[in-house]
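[1] Task: produce atomic coordinates for the following.
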Amino acid sequence: MENLMIPCTSKPPLIVPTKHENLSEFSQTQTKLSFSNTKKANNLNITDSHLNYLSRNGRLTEAIAALDSIAQPGSQVRPNTFINLLQACIDFGSLDLGRKLHARIHLVEEGNPFVETKLVSMYAKCGSFLDARKVFDKMNEKNLYTWSAMIGACSRELRWKEVVQLFFLMMKDGVLPDEFLFPKILQACANCGDVRTGGLLHSLLIRLGMVCFSRVSNSVLAVYVKCGKLSSARRFFANMDERDRVTWNSMILAYCQKGENDEAHRLFNRMLEEGIKPCIITWNILVNSYNQLGQCDVAMGLMKEMESSGISPDVFTWTSMISGLGQNGRTWQALFLFNEMLLAGIKPNGVTITSAVSACASLRVLKMGQEIHSVSLKKGLIDNVLVGNSLIDMYAKCGELEAARQVFDKIEEKDAYTWNSMVAGYCQAGYCGKAYELFMKMRESDVKPNVITWNTMISGYIQNGDEDQAMDLFQRMERDGKIRRNTASWNALIAGYVQLGAIDKACGVFRQMQSCSISPNSVTILSILPGCANLIAANKVKEIHGCILRRNLEFVLSVSNSLIDTYAKSGNMLYSRIIFDGMPTRDIISWNSIIGGYVLHGCSDAVMDLFNEMRNLALKPNRGTFLSIILAHGIAKMVDEGKHIFSSISSNYEIVPAIEHYSAMIDLYGRSGRLGEAMEFIEDMPIEPDSSVWTSLLTASRIHKDIALAVLAGERLLDLEPGNPVVNRLMFQIYSLCGKLDDSSKVRKLEKENTLGRSLGHSWIEVRNKVRAFVTGEKSKPCSNLLYSWVQSIAREVNTDGHHGGFLFEEEEKEEAGGVHSEKLALAFALIGSPPSPQSIRIVKNTRMCRNCHLTAKYISLKFGCEIYLSDSKCFHHFKKGHCSCGDYW
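    Next up, the predicted model:
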């Protein structure tokens, strides 16, 4: 502030002549325009009159010719005539003729700051900012209007920082802005976030006594609002003597930008109380702000209130609502509102069309997307690059790549998003070759691939199984493309490896990423955690959890939810509960994750307690919640209560049960041995039973030794999955048990497939941070003799008689024929390799555990005092003190 001096003596204010005013009334040099030669003066008057006539009628080419004829006898033109000619160039947008006039500026009687100022304006308004700046910089004398013209030119070009620089140069030159120029300079401070200069101007305006001008005071307020200085804006607003509609709008916007919508609404009501009627801008500020915060219902209420107050919503109101609904997952409502908008006769703009098309893309509704495409054609919006980009994305996501390419080819000025949308479309459809061709064309075009393009290509290749090509692009990205990898680049590789089941490679990239000083974000964590949701990745989960804590990501809701789920599936329910209890906020996914974890571990009591807590907190359960609750009632053998929960899904919560809920009900009946009711339930189902329903019934009939139902369920599974080798094997055993092994072609086919389709059991166990794999009957390992000897000694101690009563059919071949099952070998390795018995053993198996192995695991947990976590293809088992969490039902 101390370096900014207000000029003590400023030049007297001058008035810029308007379009066709006579400059002589204002110019101090007017006396120099008369000549001693009367005839010459008369000729000059005639020339000026003729030139003014030509300029008024837009006959600029003739005016240029007339100027050339004047130049020959050595005559000159009055400054105001030249100014009128320049103004005509502005009016008709003729930069070429403006340049020709500039070349003849010597015809003006002498150097005149008003003519030069008009020349600056002409260049700026005709689209040649650089020429305007050249003229300005060469001027010897600059008055207030000259500075105003140059500042106005910078404002039109959005060169806000240059405006601020010009202000300081202007003050240094001894020229002080007036009440019309100060708002432009303040606007520049607001738009470039220069609150320091804005505060300086505020102080200067107080000293000059100009804060009383409403236009000036509103501009000061706008600086504090746009720079996010709410407290300064609030103080300035409170001290304002007069507040107009613009003032109130600025202050309401200030609160909305800070997310303080309630305070903004309170100010809106106060505005009404003070007798100032809100305009459409006021309403739109509030509607848009509520939509951005996801409070679409409040925004919709405001829109209706707006209509009842006599103000019709404009295109911005409708667009804000459509965009808000779409961005908050209410895409169908967004599309319905778009139709209402068209019926109301409101012409959509590019943003409206883009929002509606994006809604169609997320819903994959091709027909509606095509209709909106037609609307954009009729309304002349198809050349809008945003509209074109959204159409490419919509067609690509709907699988119409030819239509997407047609839109792409018709866009003349493609931006990076245009190219990226088309590349992504090819990648998502699995056409990585075409995506690569387009990628190479993009490298040859004016728009070079950016980091998003490279990431899209990397993600496309690895998600389609080509990890080598993905890694090649990842390595070439910085070398050939000169594009620095970002977090998303690493995330693409990690997510791809997880999708391919290569969790070790994913973890390797995760560690390398951190060694390269790239900080994992929440997307990284959410990409890698699902790959660790198994029993042999427990240590990896803890490693990732440590990274989460170091990066302060534990308070990201989605990360905490994923941790709860992953810890539960990796066998650590205690950690899941600790994370859940420590969460400052929880959503329905948090509750479903912890409840689902307890169901997995067979802890029905904990599930009931959590469900009751949910109801006490008035939290509304969803489909996922009800699925877990029905399963929990099945584990607890609370059939009647489970039936009541199932009926309440539709009657109390208006949710249509899905096939998984029906399958859970069969599990509910089956665990309690109520197979007749289970069959009746299937017969009364309003939807066709799928494989999961019949599999649940087959499990129930196996456990409760109902051979007739086993045949029925098995045959239904054969019809639904004729090529499933597991079903074929089970049915062959069932037919053998019930004596149906006759010569029918069906049984002969099953016998053949049973012989050819035998799948060996595989088990994996992590011992000393290394994963070991075991195969049923395998004897090639160096320690095989020791393992087999240990298994045989344990087998002599386990009593397996009388546990199945001769009714037994298993997915895996009996040990007498196929050899010792893989999980027994894994258990032997864990216990032999650890002299003190391990506290816990974690095993993953690819097939359903047989009853003999189940009994053996229970016995080992009792004898050695260890906990065994075993996840097979059908169930999660937690063996402890001779019992299993599955309740011997799997």
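
[2] And residue 815, what's its pLDDT?
    With respect to pLDDT, residue 815 has a value of 83.

[3] Likewise for residue 883?
    95.

[4] For it, what are phi and psi?
    phi -130, psi 160 (degrees, to the nearest 10).

[5] what residues are up against the nearest residue to it once chain neighbours are set aside?
    Spatial nearest neighbour of residue 883, chain neighbours left out: residue 858 (6.6 Å); criterion: CB to CB, 6 or more residues apart in numbering. The C-beta positions use only the backbone N, C-alpha and C, and glycine is treated the same way. Residue 858 makes contact with 879, 882, 883, 884, according to CB atoms under 8 Å, 6 or more residues apart in numbering.

[6] can you do 6 Å?
    With contacts defined as CB atoms under 6 Å, 6 or more residues apart in numbering, the neighbours of residue 858 are 879, 882, 884.

[7] could I get these as JSON lines with neighbour count?
    Listed next are the contacts of residue 858 as JSON lines, based on neighbours: other CB atoms under 10 Å:
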{"residue": "879", "neighbour count": "24"}
{"residue": "882", "neighbour count": "13"}
{"residue": "884", "neighbour count": "23"}
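
[8] what's next to stretch 461-481, contact-wise?
    430, 432, 454, 457, 458, 483, 485, 496, 499.

[9] Which of those residues lies at the shortest distance from residue 183?
    residue 483 (42.3 Å; CB to CB).

[10] thinking again about what came up before, tabulate the contacts of stretch 461-481 (TSV), appending pLDDT, neighbour count and secondary structure.
    Formatted as TSV, the contacts of stretch 461-481 follow (pLDDT from 0 to 100; neighbours: other CB atoms under 10 Å; DSSP: H, G, I helix; E, B strand; the rest coil):
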residue	pLDDT	neighbour count	secondary structure
430	93	13	coil
432	95	22	helix
454	97	26	helix
457	97	27	helix
458	97	26	helix
483	93	19	coil
485	95	21	coil
496	96	26	helix
499	95	17	helix
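
[11] Can you mark which positions in stretch 293-305 are buried?
    295, 296, 298, 299, 300, 302, 303 (16 or more other CB atoms under 10 Å).

[12] So the third one sits against residue 291, correct?
    Read it as residue 298. No - contact criterion CB atoms under 6 Å: residue 298 and residue 291 do not qualify, at 8.9 Å.

[13] Near the closest residue to residue 60 other than its chain neighbours, how many other residues are there?
    In space, and not counting its chain neighbours, residue 60 is closest to residue 97: 4.7 Å by CB to CB, 6+ apart. When neighbours are defined as other CB atoms under 10 Å, residue 97 has 20 of them.

[14] And residue 97, how far from residue 91?
    Distance, residue 97 to residue 91, using CB to CB, to the nearest Å: 11 Å.

[15] okay, now residue 384: neighbour count?
    The burial count for residue 384: 18, using other CB under 10 Å.

[16] That one and residue 350 touch, don't they?
    Yes - Residue 384 is within contact range of residue 350, at 3.8 Å (criterion: CB under 6 Å).

[17] tell me the pLDDT at residue 810?
    Per-residue confidence (pLDDT) for residue 810: 83.

[18] helix, strand or coil for it?
    Classification of residue 810 by DSSP: H, G, I helix; E, B strand; the rest coil places it in coil.

[19] how about it, what does it touch?
    When contacts are counted by CB under 6 Å, 6+ apart, residue 810 touches residue 850.

[20] how much space is there between it and residue 782?
    Counting by CB to CB - residue 810 and residue 782 are separated by 30 Å.

[21] Kindly report the same for residue 142.
    93 Å.

[22] For those two, work out which one has more neighbours and name it.
    Between residue 142 and residue 782, counting by other CB under 10 Å, residue 142 is the more crowded of the two (21 against 6).
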